[in-house]
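**Q** Just to be clear, the model below is a prediction. Sequence and coordinates:
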Amino acid sequence: MQHALNEFVQHCEIPIQLHFQDSCKVIAMNETTIHQVIGIEDSTLIVFYTEAHCWQFRLISAFGVVFGERKLYYTPEAALRAGLE
């Protein structure tokens, strides 16, 4: 999972610093907060919040490829549902 987080960090458009809290469930990154990290087979789903773009998700493949659109979701549950589809 640490590899997936590193891939996510490399693809962010803003400079970030990781601060792990509560067993890595919440990670504050300047104006970005990772809400949930889920391992799904060989991929990792990350649900996160930014002040500029509300809730979003990204899916990171086993090869480090980051998938996701810049669609806005108004709750973390909505972003999670979209990411699981």
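**A** Yes, it's here.
**Q** confidence score at T50?
**A** As predicted, T50 sits at a pLDDT of 84.
**Q** Equivalent analysis for R58, please.
**A** At R58, the model reports a pLDDT of 91.
**Q** my read: R70 touches F57, true?
**A** No: the pair R70 and F57 does not pass the contact test of Cβ atoms under 8 Å, sitting 10.6 Å apart. Placement of C-beta: from N, CA and C, glycine included.
**Q** Neighbour count for the two, which is higher?
**A** F57 (24 against 9; other Cβ atoms under 10 Å).
**Q** which ones are touching that one?
**A** If a contact means Cβ atoms under 8 Å, 6 or more residues apart in numbering, then F57 has 45-48, 68, 73, 79-80, 82-83 as its contacts.
**Q** Secondary structure, neighbour count and distance to T32 added to those, as JSON lines?
**A** Shown next, in JSON lines, are those (DSSP: H, G, I helix; E, B strand; the rest coil; neighbours: other Cβ atoms under 10 Å; distance: Cβ to Cβ, whole Å):
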{"residue": "L45", "secondary structure": "strand", "neighbour count": "20", "distance to T32": "16"}
{"residue": "I46", "secondary structure": "strand", "neighbour count": "24", "distance to T32": "10"}
{"residue": "V47", "secondary structure": "strand", "neighbour count": "24", "distance to T32": "12"}
{"residue": "F48", "secondary structure": "strand", "neighbour count": "21", "distance to T32": "6"}
{"residue": "G68", "secondary structure": "coil", "neighbour count": "17", "distance to T32": "14"}
{"residue": "Y73", "secondary structure": "strand", "neighbour count": "19", "distance to T32": "15"}
{"residue": "A79", "secondary structure": "helix", "neighbour count": "26", "distance to T32": "13"}
{"residue": "L80", "secondary structure": "helix", "neighbour count": "18", "distance to T32": "16"}
{"residue": "A82", "secondary structure": "helix", "neighbour count": "16", "distance to T32": "18"}
{"residue": "G83", "secondary structure": "helix", "neighbour count": "20", "distance to T32": "16"}
